[in-house]
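**Student:** with the sequence up front, the predicted model follows.
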Amino acid sequence: MKQCEICCWATFAVGPVHALQTQSGRLIVPVHAYRNELSSCCCLKGWASTSYALALYADHPYTKWQFGNMLQTESGECQMAELLDDKGNYVVYCNARSKSGHRVEAVSQNEGVAFANQTGSKGSEKIVETASGCQGSVVSFPAQSEDADTKDEDNSNNTWLLFTHPTHVCKRVNLGVYLNKSPQDPDKWSKPWIINSGTSGYSDLAYVGKGWFVCLMERGEGEKLNQISSVMFSCSQVEQGIGQITSVLLL
């Protein structure tokens with residue numbers, strides 16, 4: 001990205017979730033920035049009405065950080081994951097907050113330098129956004145066999161995606177887990193498995209191996225987000241819970 005484009009930004013923010021290290025070793029920090037919309041001239045002040053997600057990345061020895069190009073669609077807080085495409089090539093997937101009513105999904109063929117939208121200007125039809133938007137988390141992981149405990153994940157030639165986000169179209173409630181076994185197709189997202197009924201906010205996923213995940217989440221009693229909890233669950237539990245509300249042990 002050119003320096004003259006960066007100086008036209010009104011504000012810039014990272015995360016707020018974890019970063020990504022690709023198979024090549026590149027470090028990618030998911031970020032978003034608001035551009036001055038009043039004028040394309042950097043000498044004039046404008047208003048910051050629209051944000052766009054993008055990647056901040058560096059290669060070994062990680063002394064030079066660069067910005068990639070902004071997504072083509074309005075997008076905000078985002079998270080990225082690396083997955084294998086149908087040709088066996090690694091690509092970087094971005095899932096971003098939006099005001100359109102649906103999540104924005106995009107894929108980069110060059111490790112975050114530029115992204116192409118998967119879902120068009122209206123966003124994903126399968127994973128809805130909450131009101132004016134809420135942060136969500138996404139993580140990739142090796143495709144699972146029926147017996148994940150004996151699976152050699154290093155030899156997996158396919159990756160799946162897991163996504164967490166409040167599932168209500170208006171309120172930040174009912175945190176759900178979505179599964180996509182065909183990440184190149186945004187229409188393949190499952191219905192959510194609700195792991196926290198009631199007030200729910202931001203979340204962050206981590207894959208810990210052998211089909212198991214940990215999710216850190218904001219939650220609360222009544223309408224207030226006043227607690228931070230974590231929960232551990234397996235891919236098989238996600239598949240069994242699709243479309244259901246299940247009580248899980250929150251820590």
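**Tutor:** Looks like it came in fine. Because the structure is a prediction, the values reported are computed rather than measured.
**Student:** tell me which element Glu239 is part of?
**Tutor:** helix 235-241 (DSSP states H and E).
**Student:** go through that helix and flag the buried ones.
**Tutor:** Residues Cys235, Gln237, Val238, Gly241 are the ones in helix 235-241 that count as buried (16 or more other CB atoms under 10 Å). The C-beta positions use only the backbone N, C-alpha and C, and glycine is treated the same way.
**Student:** contacts for it?
**Tutor:** With contact meaning CB atoms under 8 Å, 6 or more residues apart in numbering, helix 235-241 is reached by 141, 144, 148, 160, 162, 177, 179, 193-195, 211-213, 246.
**Student:** pull it out as CSV, backbone CA atoms only.
**Tutor:** Listed next in CSV are the C-alpha coordinates belonging to helix 235-241 (Å, rounded to 0.1, in the frame of the first residue of the first chain):
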residue,chain,number,x,y,z
CYS,A,235,-15.3,-31.0,16.5
SER,A,236,-17.6,-34.0,17.1
GLN,A,237,-19.5,-32.0,19.7
VAL,A,238,-20.0,-29.2,17.2
GLU,A,239,-21.3,-31.6,14.6
GLN,A,240,-23.7,-33.1,17.0
GLY,A,241,-24.9,-29.8,18.3
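**Student:** sorry, back to before: among the contacts of helix 235-241, the buried ones, what's the ChimeraX command?
**Tutor:** To isolate the buried members of those in ChimeraX, using 16+ other CB under 10 Å:
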select :141,144,148,160,162,177,179,193,194,195,211,212,213
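**Student:** most widely separated two among the contacts of helix 235-241?
**Tutor:** Within the contacts of helix 235-241, Ala148 and Ile194 form the most distant pair, 22.7 Å apart (CB to CB).
**Student:** between the buried residues of helix 235-241, which is nearest Pro186?
**Tutor:** Taking those together and measuring to Pro186 by CB to CB, the closest member is Val238, at 18.1 Å.
**Student:** how far away is that closest one from Ala13?
**Tutor:** 30 Å (CB to CB, to the nearest Å).
**Student:** follow-up on the earlier one: got the buried residues of helix 235-241 as TSV, with distance to Leu83 columns?
**Tutor:** Formatted as TSV, the buried residues of helix 235-241 follow (distance: CB to CB, whole Å):
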residue	distance to Leu83
Cys235	15
Gln237	22
Val238	17
Gly241	23
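**Student:** that concludes my questions; thank you for your assistance.
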